[in-house]
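**Student:** All I have is the shape, not the residue letters:
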């Protein structure tokens, strides 16, 4: 499906009344659904957007009140309502193009429609990963292979495949951080944790100067592969990536390093869960065998990527720490973005010297 074929609705959904808004979207994209046969399920694990599942139970009326009913037996549409002011952070037109492109490759769900502050897309059966399941032997090789496949996508319609997004995205984020936060309590908390924006910028410029010397290839990246954005289906023995808000050409090692930092979880972040070297080397070998094709991969290749990935993990911490400051100012979602940003920033500081000291032999 090309992006030009996606239904565009002249509609804005109220963040405080997403169920009613979802019903308005369904009237257009699922006009044959009876309103009295639709069950709405509001997901609460997101920290940026609001997501509602719309389940048509017309053929299975007996479980209308059963919240544990297997949604795979029904026709399901997911409707995502963007968080407040997230359009400052994300190019929504580009997001739509990304989803459509990757759907053509079989790497993303079908996009049904967009509206002013969100989109409607296909439900992918399965479960999101957890800090435990992301390490399971039946799961992690699927993630490594799928990431490698996505990294081989080449399409100039979604951006310059020679230009990594990282420096421009970080610059964009830094420009959006308020000098003075509107909430005095938040401003006081943030001032005690983070240096001024100019100092953050100098710190990142110095870091990125080091990272560029690693010559990590520029590939098409997801850039936000937290565990909740990986759907695992045991029946199909496959994983699907969702939420391509930040997808763009970027450094290969950033995407992998970012994924590894997400092993720590979101609700209860624990960086003791960051994968150890032996696990990483196994993961990276599976990735490279898929990325290089025909199982081609040397020990030197794996060691080189290991160093690149862990050093780029520092950039991941830095990026999402700055992102959290913007969310702290604008988001209406009940989540402590300052605490999240502090956790990421302190982990960046804790690991910086250790990771930057890593070397490999050619």
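**Tutor:** All right, it came through fine. Small disclaimer: the values here were computed from a predicted structure and weren't measured.
**Student:** what about the helices in the stretch 251-362 of the chain?
**Tutor:** In the stretch 251-362 of the chain, the helices defined using DSSP state H, counting those that start in this stretch lie at 252-261, 277-292, 299-330, 337-356.
**Student:** Same list (the ones you listed) but as a markdown table, adding mean neighbour count, distance to residue 203 and mean pLDDT.
**Tutor:** From N, CA and C alone the C-beta is placed, and that goes for glycine too. Listed next are those as a markdown table, based on neighbours: other C-beta atoms under 10 Å; distance: least, C-beta to C-beta, whole Å; pLDDT from 0 to 100:
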| stretch | mean neighbour count | distance to residue 203 | mean pLDDT |
| --- | --- | --- | --- |
| helix 252-261 | 25 | 17 | 98 |
| helix 277-292 | 18 | 25 | 97 |
| helix 299-330 | 22 | 8 | 97 |
| helix 337-356 | 17 | 9 | 98 |
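**Student:** want to throw those helices into a markdown table with distance to residue 22?
**Tutor:** Listed next are the helices of the stretch 251-362 of the chain as a markdown table, based on distance: least, C-beta to C-beta, whole Å:
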| stretch | distance to residue 22 |
| --- | --- |
| helix 252-261 | 30 |
| helix 277-292 | 37 |
| helix 299-330 | 23 |
| helix 337-356 | 25 |
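**Student:** What residue spans form the domains of this structure?
**Tutor:** The chain breaks down into these domains under the TED database: 10-59+73-122, 127-357.
**Student:** residue boundaries of the strands in the protein?
**Tutor:** For the chain, the strands defined by DSSP state E cover 7-8, 38-43, 50-56, 75-81, 111-115, 118-122, 127-128, 218-221, 230-233, 238-241, 248-251.
**Student:** Let me know which of those is tucked in deepest.
**Tutor:** strand 248-251 (a mean of 26; mean count of other C-beta atoms under 10 Å).
**Student:** Could you list the paired strands of that one along with their orientation?
**Tutor:** Here strand 248-251 has these sheet partners by DSSP bridges: strand 218-221 (antiparallel).
**Student:** And the contacts of the partner strand?
**Tutor:** 150-155, 158, 161-165, 247-252, 254-255 (C-beta atoms under 8 Å, 6 or more residues apart in numbering).
**Student:** make it 7 Å
**Tutor:** The contact list for strand 218-221 (C-beta atoms under 7 Å, 6 or more residues apart in numbering) reads 150-151, 153, 161-164, 247-252, 254-255.
**Student:** By pLDDT, give me the weakest of the residues you listed.
**Tutor:** The lowest pLDDT within these belongs to residue 161, with 79.
**Student:** Nothing else from me, thank you.
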